[in-house]
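S.K.: Structure, please.
(one chain, ligands or ions: 2)
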Amino acid sequence: MRAVHFGAGNIGRGFVGLLLHEAGYEVVFADVADALISQLAAADSYEVHEVGDNPAAKTVDGFRALNSGTQEAAVVEEISTADVVTTAVGPHILKFVAPVIARGLAARKASLPPLQVMACENAINATDILREEVRAAWDESAGDLDAVAVFANTAVDRIVPNQAPGQGLDVTVETFHEWVIDRTPFGGNAPVIPGATFVDELGPYIERKLFTVNTGHASAAYFGYAAGLEKISDAMADPAVAAKVRAVLDETKALLVGKHGFDEAEQEAYVQKILSRFTNPHLPDTVVRVGRAPLRKLSRHERFVGPAAELAERGETPVALLGAMSAALRFDDPADDEAKELAETLATLDAAEATQKITGIAPEHPLYAGVLRLVTDRKAEL
Ligand SMILES: NC(=O)c1ccc[n+]([C@@H]2O[C@H](COP(=O)([O-])OP(=O)(O)OC[C@H]3O[C@@H](n4cnc5c(N)ncnc54)[C@H](O)[C@@H]3O)[C@@H](O)[C@H]2O)c1
Ligand SMILES: O=P(O)(O)OC[C@@H](O)[C@@H](O)[C@H](O)[C@H](O)CO
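M.R.: Ligands and ions are numbered 1, 2, ... in the order given. I've put the predicted structure just below:
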């Protein structure tokens, strides 16, 4: 069995690659970072160090690595005979890997079973986004795309910080992990991945993950950044930051319980577990990594505006979520391209234009007045 995995970064090596390896797949990593690919191609193995309660070290070996920029033909050939393709490149990068996947699928022999494609990104239904990009790149003369590929949405959860320089290919990760995959598109032939959980209804799981883990995480990052703190665990050790994060998760908990019918006590236990993961002092995770790409995080269906808008539509006022969004508008890490673009948007557009561009919230929406106020206040400081 062979899996081609796009994105040999933190989650690629520290989670998806590891679970596919443990499931018995030969993993072919495809990435455009040349130094990383050269290192992987030259290595026999790397270690995944799980830190926190019950620490462990796991070895990943038997992989290969290709540069999907300079060795595209080789990646296309791998895809044409692979069993599985996964990605962990970032939601905005899916459009760049899709044409390579489309070419690999077009070169596939009709006798092979459909390729099983799963995007492992922090976005609602990231695989649907990837499928539409593959469709856009699809050569119709190659036949029916749906006959050669099965696309399944997934939710991936494991905190994998940026790795310390000098650590080589080894990855430090938290012990917790969860990979939930929609079983329904596979029609009884789902891949066997013992570390993953297959479910019939993925939607509630994706929202629960994004609007709890990622909303809470990003809140800790932006409040921590505003407080001048470097690590997420330090941010969570600050009582004022921790209280604001908790208040945000109370609001998303109310939404998730009300919308999806999660049991309240079960959701509270989920929140507690996640808050304890953020405080893991062994995990060197930073507020700038977790806060990265603030425009993506402030966009319409993402971890802040998504739940805040739904609460507003239900007649609730999401006070804590608006507070976190206000902190996000102040995230100005000079190394972050989206933080620079955010600052420029705030500086050059009027408040109404900036509100709509950043959050996608229209003037008639019940959340609009709240976000317009945040944007207006932030602009007044610039
Ligand atoms: N790190 C985590 O804790 C974590 C957990 C769950 C989900 N995720 C999600 O996984 C995805 C990747 O996150 P990460 O933290 O591993 O980021 P990362 O930056 O460590 O890794 C991304 C990798 O993608 C590669 N890449 C960029 N453009 C590419 C292209 N065109 N073709 C092939 N490879 C390309 C980069 O070179 C990099 O190695 C994101 O969607 C993120 O939200 C991350
Ligand atoms: O990857 P992002 O930028 O969407 O979000 C940053 C972190 O919240 C994220 O990477 C978490 O560590 C991860 O989602 C945990 O499962």
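
S.K.: and the gap between the residue sitting nearest the centre point of the chain and ligand 1?
M.R.: What sits nearest the mean C-alpha location of the chain, by Cα atoms, centre = their mean, is residue 122, with 2.1 Å. As judged by Cβ to the nearest ligand atom, to the nearest Å, residue 122 and ligand 1 stand 3 Å apart. C-beta here means a position set from N, CA and C on the backbone, and glycine is covered the same way.

S.K.: Need the pLDDT of that residue.
M.R.: pLDDT recorded at residue 122 is 96.

S.K.: May I ask you to confirm that it is in contact with residue 206?
M.R.: No - with contact defined as Cβ atoms under 8 Å, residue 122 does not reach residue 206; the gap is 9.6 Å.

S.K.: Now do the contacts for whichever residue of the stretch 1-150 of the chain sits closest to ligand 2.
M.R.: Nearest residue of the stretch 1-150 of the chain to ligand 2: residue 122, at 3.5 Å (Cβ to the nearest ligand atom). Neighbouring residues of residue 122 by Cβ atoms under 8 Å, 6 or more residues apart in numbering: 91, 156, 210, 214.

S.K.: give me every residue that touches the closest residue to the third one other than its chain neighbours.
M.R.: In this case it means residue 210. Sequence neighbours aside, residue 303 is the residue nearest to residue 210 in space, at 5.5 Å (criterion: Cβ to Cβ, 6 or more residues apart in numbering). Neighbouring residues of residue 303 by Cβ under 8 Å, 6+ apart: 210-211, 214-215, 218, 297.

S.K.: Check residue 172 too.
M.R.: Neighbours of residue 172 in contact, by Cβ under 8 Å, 6+ apart: 14, 49, 51, 160-161, 163-164, 283-284.

S.K.: so what's it scoring on pLDDT?
M.R.: With respect to pLDDT, residue 172 has a value of 97.

S.K.: and what of residue 53?
M.R.: Taking residue 53 on its own, its pLDDT is 88.

S.K.: about what we covered before: from residue 297, how far off is the residue of the stretch 1-150 of the chain closest to ligand 2?
M.R.: 9 Å (Cβ to Cβ, to the nearest Å).

S.K.: so residue 56 sits right up against residue 47, yeah?
M.R.: No - between residue 56 and residue 47 there is no contact under Cβ under 8 Å: 10.3 Å.

S.K.: what does this structure put close to ligand 2?
M.R.: 122, 157-159, 213-214, 217-218, 290, 292-293 (Cβ under 6 Å from any ligand atom).

S.K.: try 8 Å this time
M.R.: 10-11, 90-91, 121-123, 156-161, 209, 213-214, 217-218, 221, 285, 289-293, 296-297, 303 (Cβ under 8 Å from any ligand atom).

S.K.: Just the ones of the residues you listed in strands?
M.R.: Judged by DSSP state E, these include 156-157 as members of strands.

S.K.: pLDDT score assigned to whatever residue of the stretch 251-382 of the chain ends up closest to ligand 2?
M.R.: For the stretch 251-382 of the chain and ligand 2, the shortest gap (Cβ to the nearest ligand atom) falls at residue 290, measuring 4.7 Å. Predicted confidence (pLDDT) for residue 290: 98.
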